[in-house]
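**Student:** I'd like to go over a predicted model; first the sequence, then the structure.
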Amino acid sequence: MKCIIAGGNVKVLGRAVHSLSRIGDELYLEPTDGGLSLRTVNSSRSAFASFLFAPLFFQLYEAGSPQPHSELLRCKVLMKSFLGIFRSLPLLEKTVEKCLILLRPRASRLVVQLHCKYGVTKTHNLAFQECERLQAVFDTQRCASQLCAPARVLAEAVVHFPPTLAEVTLGAGPGGKLSLRNYVEDEMELKKTMVTELWLAEDEFQTVAVVPGSHITFCLKEFRGLLTFAEASNLPLTIHYDVPGRPVVFTLDDAVLEVHLVLATLSDTESNLQPPPTNGVSHPPAPSDDFADDLESYMIAMETSAYEEGSGAPPSPTFPLRTPHPAESDPEEEEEEEEEGAVPGTPPHKKFCSLFFGSVLMPRGPSLAPTQEVLAEDSDNEY
């Protein structure tokens, strides 16, 4: 892969890297015929972000080897190392004239060259690892609610929340109004906690098609990172969401850029038992509990069936997300399982639904790639 970024697009790339750095510790690069994709996922698999830069974004773009039937290289690098190249955005705008990104498979190096003013060239050689394709499982067409608003409106709304706030709740109220409220886990703590709630009128949004009374709770840190990028790029932000427990998808669309941010939402037992109407959007039947108990087997089965019914091309994992309903058990055992399965960095007893991530299968058939990561550890071996 070889690409050259010129002019102000270098700063746009830097903003994208800053936004991705708020989510994951590794940056996945995937050159395709449709452009260069930068992706990341957090350690708990509950947040995923993807930036796809079209070939028109670059002054020169070569996805891979010109030889026919040659497989494009996918790799990942440490986010901290890649972020260090674009850490100072004002300096990029003032001094950098163009940026060269080059993959050297034989040396396992990702070369990033910054061509600055006065003939100064800064070369960075980053070690990378080959990897499978990183892809989150989501489908915006199946979401019952959709919002579209200028990024400035949402950025001015979240600025009222403290920087240390972990989660925020987005809800649909009467008269088409929408609310943003800091999430409080225990209702008994409402009297001791300062609650900030903002109401946005329907005319402040470009598109409002939501289920009345619907609400979702998601992490604010990753959302702030996307808002910063969207506001600087002057792009409208679209929000797709469904019932609590299903992922919320934030999208940005431009002629040369496509952005997706997928966040897990806080599950709601009452909403899972009685989901609100979906305005004609039908959901396929949920898989059986046997599949829900073994997420890896469920993913394999869905991808295998898609492969057998298709035209022979490797399938893309697009099955819907769901919240597995746990079987009835002793309350003390449930508390122990929740503590053992708690996600590091999040308060305990919060039932965030982790996203299911899969790799596109190898062209030789519907079998797992040797380098595919195990996303769910076996619970049988735990003592």
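**Tutor:** Sure, I can see it. Numbers count the residues shown, from 1 in each chain.

**Student:** part of a strand, is Leu226?
**Tutor:** No: assignment of Leu226 by DSSP: H, G, I helix; E, B strand; the rest coil gives helix, placing it outside any strand.

**Student:** per-residue pLDDT, the spatially closest residue to it that is not a sequence neighbour?
**Tutor:** The shortest distance from Leu226 to any residue other than its chain neighbours is 4.9 Å, reached at Leu261 (C-beta to C-beta, 6 or more residues apart in numbering). Where you see a C-beta, it was placed from the backbone N, CA and C, and this is true even at glycine. Leu261 is assigned a predicted lDDT (pLDDT) of 95.

**Student:** Low-confidence ranges, this structure, go.
**Tutor:** Filtered on pLDDT under 70, the chain yields the residue ranges 65-71, 186-192, 269-383.

**Student:** Report the contact partners of Leu72.
**Tutor:** With contact taken as C-beta atoms under 8 Å, 6 or more residues apart in numbering, Leu72 is in contact with 1, 30-32, 63-64.

**Student:** Please, where are all the helices along the protein?
**Tutor:** Secondary structure of the chain, counting by DSSP state H: helices at 9-21, 79-85, 89-95, 151-158, 220-233, 269-273, 289-293, 295-309, 331-340.

**Student:** Output stretch 33-50 as PDB, nothing but the C-alphas.
**Tutor:** Output in PDB follows, covering the C-alpha atoms of stretch 33-50 (Å, rounded to 0.1, in the frame of the first residue of the first chain):
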ATOM      1  CA  ASP A  33     -10.200  -0.700  -3.500                       C
ATOM      2  CA  GLY A  34     -12.800   1.600  -1.900                       C
ATOM      3  CA  GLY A  35     -10.200   3.400   0.200                       C
ATOM      4  CA  LEU A  36      -8.100   3.200   3.300                       C
ATOM      5  CA  SER A  37      -9.900   2.000   6.500                       C
ATOM      6  CA  LEU A  38      -8.700   2.900  10.000                       C
ATOM      7  CA  ARG A  39     -10.500   1.000  12.700                       C
ATOM      8  CA  THR A  40     -10.200   0.300  16.400                       C
ATOM      9  CA  VAL A  41     -12.000  -1.500  19.300                       C
ATOM     10  CA  ASN A  42     -11.800  -1.100  23.000                       C
ATOM     11  CA  SER A  43     -10.600  -3.900  25.300                       C
ATOM     12  CA  SER A  44     -14.100  -4.900  26.400                       C
ATOM     13  CA  ARG A  45     -15.400  -5.100  22.800                       C
ATOM     14  CA  SER A  46     -18.200  -2.600  23.700                       C
ATOM     15  CA  ALA A  47     -17.000   0.300  21.400                       C
ATOM     16  CA  PHE A  48     -15.900   0.200  17.800                       C
ATOM     17  CA  ALA A  49     -15.000   2.900  15.400                       C
ATOM     18  CA  SER A  50     -14.200   3.000  11.700                       C
END
